[in-house]
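Participant: Need a 3D model of the following:
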Amino acid sequence: MKLFDTHTHLNADQFAGREAEIVAAAQEAGVAYLAVVGFDQPTIEKSLELSQEYANIISVCGWHPTEAASYNRQVETYLEEVLSRDKVQMLGEIGLDYYWDTATKSEQERAFRRQIALAKNLHLPITIHNRDATEDCYRILRDEGLPAAGGIMHSFGEDAEWAQRFLDLGMHISFSGVVTFKKTIEVREAAKIVPDNRLLIETDAPYLAPVPKRGKENQPAYVRYTAELLSQVRGIELETLAQLTTQNAFDLFKWFPGGRS
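Facilitator: Modelled structure (predicted):
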């Protein structure tokens, strides 16, 4: 079995000096591939470093909505250069975050729209951060249209109706440990309706550890718990779930280690 953690922060300070240990634990758990997401300059640089050091890691780079106040032409030029590098396969995470009061809604919307346009110009997919901003995220994605390369609703936490609306825009839906939480019944209902070819899994480590690790530091190895829960919810074997989500990731990232599957 080979799982793909499509959104992890192995570049976070919490993992500093333990990266090799975390990668080894992931591989032992059947998590063969990682997408390490950088969301500001320090985390982008670390993501790039990790993708060059490890054959099974790719980079995702973008400017997080909580950093939107600093988004300017200089940042955009930096992103253009970074996104052209080897093994940088997606732009993100971008979007809206109305929980943390670090950038105004207008600043966030401007950075979001600019980066969607950038992804289109660079023929890259996007991954979307949405916290307490679902309606506005949907409105902007609907208005701007997705890049031809597609996109991901990262760590999806809404109900089946919202899942369908984002699917109708052309998005993939990625489930994190949130889907395993006892009270997130609506997220499990959403997981039932996502087509096989649009389903992805992730950890968002070191955050959002799934049951039975909830409340502890999350790590890529734990994406297996999310995969196990999703296989139960969807009524399929774990191996089948692993195969389809990993292939979906390869197809979306346009990255085929060892050749096209």
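
Participant: got any ranges where the protein has weak pLDDT?
Facilitator: Within the chain, the segments meeting pLDDT under 70 span 259-261.

Participant: Show me the helices in it, by range?
Facilitator: 19-28, 41-53, 73-82, 105-122, 134-144, 160-169, 185-193, 223-234, 238-253 (DSSP state H).

Participant: can you pull the contacts of Leu96?
Facilitator: Residues counted as contacts of Leu96 (Cβ atoms under 8 Å, 6 or more residues apart in numbering) are Pro65, Lys105, Gln108, Glu109, Phe112, His129, Asn130, Arg131, Ala133, Asp136, Cys137, Ile140. C-beta: built from backbone N, CA, C; applies to glycine.

Participant: Top of those residues by number of neighbours, please.
Facilitator: Sorting the contacts of Leu96 by how many neighbours each has (other Cβ atoms under 10 Å) puts Pro65 first, at 32 neighbours.

Participant: Touching, that one and Arg114? I think so.
Facilitator: No - using Cβ atoms under 8 Å, Pro65 and Arg114 do not qualify as a contacting pair, with a distance of 12.0 Å.

Participant: Quick check: phi and psi at Gly170.
Facilitator: Here is the backbone geometry of Gly170 (degrees, to the nearest 10): phi 110, psi 10.

Participant: residues near the closest residue to it other than its chain neighbours, how many?
Facilitator: Among residues not flanking Gly170 along the chain, Leu146 sits closest, at 4.9 Å (Cβ to Cβ, 6 or more residues apart in numbering). Look at Leu146: counted by other Cβ under 10 Å, it has 18 neighbours.

Participant: excluding its backbone neighbours, what's nearest Ala148?
Facilitator: In space, Ala148 is closest to His123, 6.9 Å off (Cβ to Cβ, 6+ apart).

Participant: Repeat that for Ala209.
Facilitator: Closest residue to Ala209 in three dimensions, ignoring its sequence neighbours and counting by Cβ to Cβ, 6+ apart: Asn218, at 3.7 Å.

Participant: How about the contacts made by the one you found?
Facilitator: The contact partners of Asn218, by Cβ under 8 Å, 6+ apart, come to Gly177, Thr203, Asp204, Ala205, Pro206, Tyr207, Leu208, Ala209, Pro210.

Participant: Next: Glu19.
Facilitator: Taking Cβ under 8 Å, 6+ apart, we find Glu19 in contact with Leu10, Leu50, Glu53.
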